[in-house]
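>>> Build me a structure from this.
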Amino acid sequence: MAIIFLFSCKNDYYPKPRGYFRIDLPEKAYLVFDSTFPYSFEYPTYANIAGGNNNNSNPFWINLEFPQFKGTLHLSYKPVSGNLTEYLEDTRKMVMKHIPKTSGIENRVYENAENKVYGLTYSIGGTSAASPFQFYLTDSTKHFVRGALYFSVVPNNDSLAPVIEFLKEDINHMIETFEWK
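Sure thing, here's the model as predicted:
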């Protein structure tokens, strides 16, 4: 028996290179989030909405959970009453906290004058950034929403890159369909 074992392997053994799991991305399809909240938007069918009215101090805060990807888009709403500059500065500070872990931050201005939705998106590069995408939206007088995408995994945005790009498309679709009430 030992003789068969010794002669059965004639080739040298080489370990396989490290790889990542294959990620199956679902088909794009959207639902409308339209409730008693002061805003509405379209979100992907593979996302779950959690939070909301169970938080009395922040009743219009919600999370879009992407269980397939272990990701969550945190949405926080605040009414504007002469404090827009404070909200904008808070958003900037939250994004700048990622600077030590980022390879760069790409800003994109968003403007939809017809629906009075204005904002800025932040695409945060780098393999160790905790939040690869953040944004804010406002009408400049009454409403302010801030969004931040996080994953419930150790940051390795190289392996998450396909998922991050996939979810950025969905978040940009959400922003494009965003309306104030």
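>>> what comes into contact with the longest helix seen in the chain?
Taking DSSP state H as the criterion, the chain has its longest helix at helix 157-176. Helix 157-176 is touched from outside by 20, 23, 25, 28, 30, 41-44, 47, 64, 66, 69, 71, 73, 110, 112, 117, 119, 121, 123, 125-129, 132-133, 135, 137, 147, 149, 151, 153, with contacts defined as CB atoms under 8 Å, 6 or more residues apart in numbering. Backbone N, C-alpha and C define where each C-beta goes, glycine included.
>>> Likewise for stretch 33-48?
26, 28-32, 49, 52-53, 60, 62, 64-68, 73, 77, 79, 142-143, 145, 170, 173-175, 177-181.
>>> among the residues you listed, which are in strands?
Residues of those located in strands (DSSP state E): 30-32, 49, 62, 64-66, 73, 77, 79, 143, 145, 179-180.
>>> Most neighbours among the residues you listed, please name it.
Tallying neighbours with other CB atoms under 10 Å puts residue 145 at the head of the ones in strands among the contacts of stretch 33-48, with 26 neighbours.
>>> check contacts around the residue lying closest to residue 74 once chain neighbours are set aside.
Once flanking residues are discounted, residue 74 sits nearest to residue 148: 5.1 Å by CB to CB, 6 or more residues apart in numbering. Contacts for residue 148 (CB under 8 Å, 6+ apart) come out as 73, 74, 94, 131, 133, 134.
>>> how about a cut-off of 7 Å?
Neighbour list for residue 148: 74, 131, 134 [criterion: CB atoms under 7 Å, 6 or more residues apart in numbering].
>>> Same check on residue 57?
By CB under 7 Å, 6+ apart, residue 57 has no neighbours at all.
>>> now it: how far from residue 36?
Distance of residue 57 to residue 36, computed by CB to CB, to the nearest Å: 17 Å.
>>> before we move on, what about residue 125?
Residue 125 is 37 Å from residue 36, by CB to CB.
>>> who's more crowded, the two?
Using other CB under 10 Å, the more surrounded residue of residue 125 and residue 36 is residue 125, with 15 against 9.
>>> Surely that one touches residue 99?
No: Residue 125 is beyond contact range of residue 99, at 11.1 Å (criterion: CB atoms under 7 Å).
>>> Surely residue 136 is in contact with residue 121?
No: the criterion here is CB under 7 Å, and residue 136 misses it with residue 121 at 8.5 Å.
>>> So these two - more neighbours on which side?
residue 136 (23 against 19).
>>> Pull up the per-residue confidence for the more buried one.
Reported pLDDT at residue 136 in the predicted model: 98.
>>> That one sits in which helix or strand?
strand 133-138 (DSSP states H and E).
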